Every structure is written in C-alpha cells, then in structure tokens.
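*Asks:* give me a model of this one.
(one chain, ligands or ions: 1)
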Amino acid sequence: MAPSATVATTVAPPALDQLCINTLRFLAVDMVQKANSGHPGLPMGSAAMAYALWDRSLKFNPRDPHWPDRDRFILSAGHGCALLYALLHVTGFDLPLEELKSFRQWGSRTPGHPEYGKTPGVEATTGPLGQGLANGVGMAIAEAALAARFNRPGHLIVSHYTYILVSDGDLEEGISSEAGSIAGHQKLGKLIVLYADNHITIEGSTDLTFTEDRMARFAAFGWHVQRVEQSNDVEAVALALENARKERDRPSLIAVCTHIGFGSPHKQDTAAAHGEALGVEEVRLTKEAMNWPVSPSFHIPEEALEHFQKAVARGSAAQVEWESRVQTFAHEYPDLAAEFRRVIDRQLPNDWDAGLPAFATGDGPMATRVASGKVIEILGSRLPEMMGGSADLAPSTHTNIDRAGNFEPENLAGRNMHFGIRENAMGAILNGMALHSGLIPYGGTFFVFCDYMRPPMRLAAMNALPVIYIFTHDSIGMGEDGPTHQPVEQLIGLRSIPGMVVLRPADANETVAAWRVAIGRKQSPVALVLTRQGVPVLDLNLYPAIPTGVPSGGYVLADSLASRRPDIVLIASGSEVHLALESRERLATEGVHARVVSMPSTNLFAAQSDEYRDKVLPADVPILVIEAGSPIGWQSFVGPRIAVIGIDTFGSSAPGPVVMDHYGFTVENVCKQARRVLDRLKEEAPCALESPQIMEGSF
Ligand SMILES: Cc1ncc(C[n+]2csc(CCOP(=O)(O)OP(=O)(O)O)c2C)c(N)n1
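*Replies:* So this is what the prediction gives:
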C-alpha cells in the first residue's frame, strides 16, 4: 500500500454547504439535459470536492479573471465542464445563466469542452485526457521560476498554487506518468491535484483496465498522497487541501472517492452516467431523491447564490492586497517591478533583437540547428523570460542557453529545462508555461519525434499559444539513423494544423530571420525545422531579400539569370534550397531560365496577399517543388501547374548525402525533372511518372 494518509471528518456537510453543492450538481444536470448532450456524471460526483476547493482555498477574482497572482485551476477531465461552468456562473464570473442554458450550442461561451479564451475563468482548453494535468505541471513550473526571479526578501509578488481536477482517464493516459514523474522530480510543492477516484470510465468499471495502486504510483514519483474516503466530506477535502499546501517540497495528489452520477437512483456508480443526459424521468427522480425542486430547471437558491458570490468581495480584496504588495515592491525595486509587468504582459524589450548575427559565407557550411543554437545564446541573454530545453537531446538540438543554469529544485531560477525523454509532457508543459504567462517557453527534439507531442501541439495552435518548437534532424538528410529517425510526413503533418506556423530555414541567415518571426509572434506556436547536416551560408549581399523574405513565408531568393520572365520556378525549403540554386545555374547553361523561390513557411506564404503570391509565383509559369518530405499538400496553394520532388516512402539508413542522392535530390534529377515539366507543357500532353519521387500536376 502507498504511504498515503486518509483524511476524514464528518460525513454530512452543513446545510448551506449541501445546498451549494446541490446547486452545482443540478445546474450541471440541467445543462446536460437541456443540451441533451454532455457528461452529467462527473459534475454530480465531484461537485462537493470542487466546492471545497473553490469555497475554502482557491484564490481568484471573478471580476478580473487574468489577475496574475490568482491560483490556477484546471479541469483536466474536460468532459465534466458543466461543473466548471456552474462554478464560474455562481461565483460571479461574466458567464450569465443564459450561457449555461446554451450549453454546447453554436456561439455559446459554454462549449462541449472548456476552451481557453472563450469563457472567462477557463485557464486551459481540456478534453484530451491527461493534457490538463501536464499543463498544470507547466503552470507550477512557471510559478516557481517567476517566484525565483522576482520575489525578494519580504516581497512575495509571485505566490500562488496550481490546482487540477483529474479523473481516471487522466491518470490512465501515459502523459500522466511523464508529467507526474517530472513534477515529483522537480519537487513542485505548489501543485495540488484532486483525483475523482470513482472507478468508472466509459466502458464500465476501472477493474477492466486500471488496477494498479495509483497512490503508490504517485508516491513513487515523489508525490505527497492523501485519500478522502467520503467525497461529500467537504471538511475532509478542505483539510487535505490544507495539508497539501503545507507540503512545500512535494506535489500533492488527493484521491477523493467520488461517485459518478451521485444521487441518480439508476445511474450512480455506473458508466451510464457518462456521455448522455440523465433523461427527463431520471432527472426528476434524482431531484426528488435529493429533495430538490423538480422545476423550474436551472434553479439557484438565493441563499446558495449569496454564499457563492462572496467570492467576488473575497477575490477583490485578495487582489487589492496583492496590488499594494506590488506597489511596495515597485517602490523598492522599480526596475524589477517594470520587468515583471513587461513579461507578464508579454511585451518584448525595445532592443530585443539587437546583436543577432549576420552570418558570412565563410562561416559555413553550418547546420541550421547550429545557427539556431547561436541565436538562442544571444536571445537568451536579451530575453530572460526565455525558458526551455529539450527531451534529452540538448547536445543535438542546441537548445541550451549558456550560463543560464538548469531549472532544478535547488536552482529554480535556472532556465535550461531537462524534460527527460517525455515529449508528450514536454509539449503540454510548454503549453502550461505559455498559459501562465511571464515566460517564452521553447522545447526541442528530433523532428520525427514531434509525433509524440502532436496532441499538445494541436492544443497550442488551437489556443494561439506562443510556444516555440525546435525540431532538428529535419529530413532523410540526417542519414544513418535510418527510417525510424527520418521525418517524411511530419512537415505536411504540422503544416496541416490550423494556426501552427512551420518554418524550415535554408541556412544560418534564414534561421536568424526565422527566430525573429518566432519571438515576434505572440498569437501562435512556431515550429522551427532545422537540419542536422551542414549547409552553405547564403551571402546576404548576394541574397539581400532574406531578412524580409522569410517573414513572408516564400520569396524570390534568386531570379532567372536572364532578365526575362522565368521558364520555370524552383520552390524549395530548408536544405533543398541549395540544390535549387545549383540546379538553377546548371539549367541556365542549358538555356532554361529558372527562378528560385525559398519557401521556409507555406503557412506564412499562404497568408500573404494574392498580389504578393502572384508576383512570387507568376500564374502561367510551371513550378517544380524540391523538398525532402512528403509531396502531399503543395498543390493547395501553388495550383495545378506543379511537379514535386519529394519522398513517399520512409527513407533508408545510409550516410545523409547518399540517401539524398538515392531519393533524387541531385542537380541532375532536378534539371531532368524541370526539363520534363517544360517538355510536357510544349507537347501539351501528360508524361508518364518516372519515379515515385515526382508527383505530376493535376492532383
Ligand atoms: C485522450 C482522450 N481519449 C479519449 C477520450 C474520450 N473520453 C472522454 S471521457 C472518457 C472516460 C472518462 O472516464 P473518467 O476519466 O474516469 O471520467 P469519469 O468517469 O469520472 O467522468 C473518455 C475515454 C478523451 N476525452 N481523451
């Protein structure tokens, strides 16, 4: 058995508490019933523990949901969001009852799972189980890091807790072990997790799938664990929360034995309390059983509302008290206070990009990952809010900031993070850090392993979070490690995530420009896709368009050598840009005049005006795309007059240049394919496919 403490007091909560808890329960029941869609079970079972937290502990101000020193609360079990919306409404957030009545309807602020930015008081988008837990770890890391940076003796400017409500599903997901492990290792004492331990998931009892001792598991991660046997024992939950807050060196897990669908005569403790409304008859029976008026629905007793709304005065007072502390702090440490305000507001200092290097040809060949490492060094010294690291690949991803120290329990001011080999949690922790605000979080790994962190990347894009990913070893060009490590479909995969900006720079100077874009974007995640292998450095005198071209996503890097309209446009990204440039010269000797368009970001290019795009890619000039990735997707924005040299297998293990040659990334093949495109146009007849690497025009 785990060394956990069991906390218990009385079983029946006092009448007012009971009234408040039932208010939450039945608001959730009515919301789901009216929508005829949603999950009533978790809200009914977890209302009491959520009430204990929100009523007795949580520091929040409904009138200012973004107050920087509020406690964070994440409902990781996002399917139970009716509970969260009920809490937000009754405690006085700007979420009118009408919104609760429009649960899950078009245009409402009460979507089917909590969405960050849509509902005041929702701290994180949740729904994909496990992500919210790891987001909370990121928030707790942010709190610890900012506290270390800004608090001074006698001045507590950053001092709040992160609370998370999780379900069985959250703890079943592998990410919970990744996140739990790192949180325990980092001794995140201000992270407190309430676990709705109800033994039920959608397919039935957890006996079907989930029988390990969860408490022992988290204790082994280094957590402080407690159990509350009676979920309605508000005082016991409050006491367990108090114990958890006293525990400064370990994150806390409080398993509360809840009953899914609590109070429902036919559905309590069954999977039937999941995923659908209770039904009109069962709602009536439940209300009657719990002595609640059957109608009207959405009933909120005045006494309960009055009690809940004390949160407004309590929250305002707490914020006013904090603001006065900040004022005293600002008096004593004016520069530090201004800096605190700047980072919390996500503002960049005026000179943030001063001193970024302009690389010379003689600096090359240089891998873009190496160039990125040099940029991180400089940016890291100018932007103390930059904090990040790698999933155990820092020597390869070049993500460390020299002299910034490791973030670890003994050095919470350290900014280099060691995420361990935990990509999924790394992505979600970065999201939590971005959601917290005050930091520019970044994380790196090999590009192929971005698949392991795709769920949090998708959420980062959905929530417009400024997270930066550094993906190195970006193509088959990385060589010997072979197909398991050679990304092929990842580029198109990331480009297809709405809102994700993917940048694959061609050389060191494009890498500098790409970092400028990444830091400057406050409303979207950015993935930097970088080479392992050295590539030539493009001379800024010869290619002056680089600094302004990269932010446009695609630009004319080198025009047709003849001062006339190009015969063909060669589009390339990353390492293939150099191949395009060489091929352009070879083609010229054969009388074919090619323009080279460097396209580090299809997403940014797609966002340019039609006029700009038509200038870069004239409508009636054929296009050959050269990119060491899946050819799918290019036609969507360059039209049908296109051929692609890409890859539609998984690569092979051999030295990088050999692999590139084998897959047709040679000057000979580019020139040959360019001539085929032109010949075909002359003949106006489709030509047969010659190799799997070239895709023909009419997709
Ligand atoms: C990653 C992920 N997989 C699957 C689901 C679909 N899903 C929603 S709720 C749920 C199970 C809920 O069981 P539990 O987590 O124990 O919550 P409770 O029964 O307490 O409501 C599942 C599988 C999901 N939301 N996220």
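*Asks:* going by C-alpha atoms from here, please, whenever you check contacts or count neighbours.
*Replies:* Will do.
*Asks:* so P265 touches K287, yeah?
*Replies:* No - the pair P265 / K287 is not scored as a contact, 9.8 Å apart, by CA atoms under 8 Å.
*Asks:* what's near enough to touch L540?
*Replies:* 358-360, 509, 546 (CA atoms under 8 Å, 6 or more residues apart in numbering).
*Asks:* mind listing the strands for the stretch 51-200 of the chain?
*Replies:* Ranges of strands within the stretch 51-200 of the chain are 72-75, 162-167, 191-196, 200-201, based on DSSP state E, counting those that start in this stretch.
*Asks:* given the shortest one, what are its sheet partners and their directions?
*Replies:* Read it as strand 200-201. Neighbouring strands of strand 200-201 in its sheet, by DSSP bridges, are strand 204-205 (antiparallel).
*Asks:* average pLDDT across the strand it pairs with?
*Replies:* Computed over strand 204-205, the mean pLDDT rounds to 94.
*Asks:* worst average pLDDT in the strands of the stretch 51-200 of the chain?
*Replies:* The bottom spot among the strands of the stretch 51-200 of the chain, by mean pLDDT, belongs to strand 200-201, with a mean of 94.
*Asks:* report the contact partners of the residue nearest the centre of the chain.
*Replies:* The centre of the chain sits closest to A460, judged by CA atoms, centre = their mean, with a distance of 3.1 Å. Contact partners of A460, counting by CA under 8 Å, 6+ apart, are 431, 466-467, 524-525.
*Asks:* going by distance to the ligand, which of those residues wins?
*Replies:* N431 (16.3 Å; CA to the nearest ligand atom).
*Asks:* count the neighbours of that closest one for me.
*Replies:* Number of residues near N431 (other CA atoms under 10 Å) recorded here: 34.
*Asks:* could you measure it against P153, distance?
*Replies:* Counting by CA to CA, to the nearest Å, the gap from N431 to P153 is 30 Å.
*Asks:* next SSE downstream of the longest helix seen in the chain?
*Replies:* Secondary structure of the chain per DSSP state H: the longest helix is helix 310-332. Using DSSP states H and E, the helix or strand that follows helix 310-332 in sequence is helix 334-344.
*Asks:* quick revisit: who has more neighbours, P265 and K287?
*Replies:* Comparing P265 with K287 by neighbour count (other CA under 10 Å), the higher total belongs to K287, at 21 against 16.
*Asks:* would you mind listing what in the protein touches the ligand?
*Replies:* 41-42, 79, 127-129, 167-170, 198, 200-202 (CA under 6 Å from any ligand atom).
*Asks:* give me the buried entries from those residues.
*Replies:* Buried members of the residues of the chain next to the ligand, scored by 16 or more other CA atoms under 10 Å, are 41-42, 79, 127-129, 167-170, 198, 200-201.
*Asks:* so T548 sits in a helix?
*Replies:* Yes - with DSSP: H, G, I helix; E, B strand; the rest coil as the criterion, T548 is assigned to a helix.
*Asks:* how near is it to the ligand?
*Replies:* Using CA to the nearest ligand atom, to the nearest Å, T548 is found at 41 Å from the ligand.
*Asks:* tally of neighbours for that residue?
*Replies:* Count around T548 with other CA under 10 Å applied: 13.
*Asks:* ditto for K310
*Replies:* 14.
*Asks:* give the contact list for P365.
*Replies:* 534-537.
*Asks:* ugh, wrong one, N151
*Replies:* 157-158.
*Asks:* what's the answer for T368, then?
*Replies:* Going by CA under 8 Å, 6+ apart, the list of residues near T368 reads 505-508, 511, 530-535.
*Asks:* and it, what's its pLDDT?
*Replies:* Here the pLDDT value assigned to T368 is 98.
*Asks:* that one and the ligand, how far apart?
*Replies:* On the measure of CA to the nearest ligand atom, T368 and the ligand end up 34 Å apart.
*Asks:* how about V228?
*Replies:* Taking CA to the nearest ligand atom, one finds V228 at 16 Å from the ligand.
*Asks:* same check on Q319?
*Replies:* On the measure of CA to the nearest ligand atom, Q319 and the ligand end up 33 Å apart.
*Asks:* straight-line length of stretch 395-413, end to end?
*Replies:* One end of stretch 395-413 sits 21 Å from the other (CA to CA).
*Asks:* ok, and for it, which residues are buried?
*Replies:* 396-401, 404, 406-408, 412-413.
*Asks:* distance from that stretch to the middle of the chain?
*Replies:* Offset of stretch 395-413 from its chain centre (CA atoms, centre = their mean, to the nearest Å): 21 Å.
*Asks:* just stretch 558-573 next, same as before
*Replies:* Centroid separation for stretch 558-573 versus its chain: 39 Å, with CA atoms, centre = their mean.
*Asks:* then stretch 50-65?
*Replies:* For stretch 50-65, the distance to the chain centre is 25 Å (CA atoms, centre = their mean).
*Asks:* ok, stretch 378-396 next?
*Replies:* With CA atoms, centre = their mean, you get 17 Å for stretch 378-396.
*Asks:* kindly check the end-to-end length of it for me.
*Replies:* End-to-end span of stretch 378-396 (CA to CA): 18 Å.
*Asks:* what comes up buried for that stretch?
*Replies:* For stretch 378-396, the neighbour count (16+ other CA under 10 Å) marks 378-380, 382-394, 396 as buried.
*Asks:* kindly report the same for stretch 269-289.
*Replies:* Neighbour counts over stretch 269-289 (16+ other CA under 10 Å) mark 269-278, 283-287 as buried.
*Asks:* please apply the same query to stretch 341-360.
*Replies:* 343-344, 346, 348, 352-353, 356, 359.
*Asks:* so which of those residues are in strands?
*Replies:* Nothing among the buried residues of stretch 341-360 maps onto strands, per DSSP state E.
*Asks:* contacts only, for S108.
*Replies:* 99, 102.
*Asks:* what about it, distance to E115?
*Replies:* 11 Å.
*Asks:* can you name the residues that contact the closest residue to the ligand within the stretch 1-150 of the chain?
*Replies:* Going by CA to the nearest ligand atom, the ligand is nearest to P128 of the stretch 1-150 of the chain, at 3.6 Å. P128 is in contact with 78, 455, counting by CA under 8 Å, 6+ apart.
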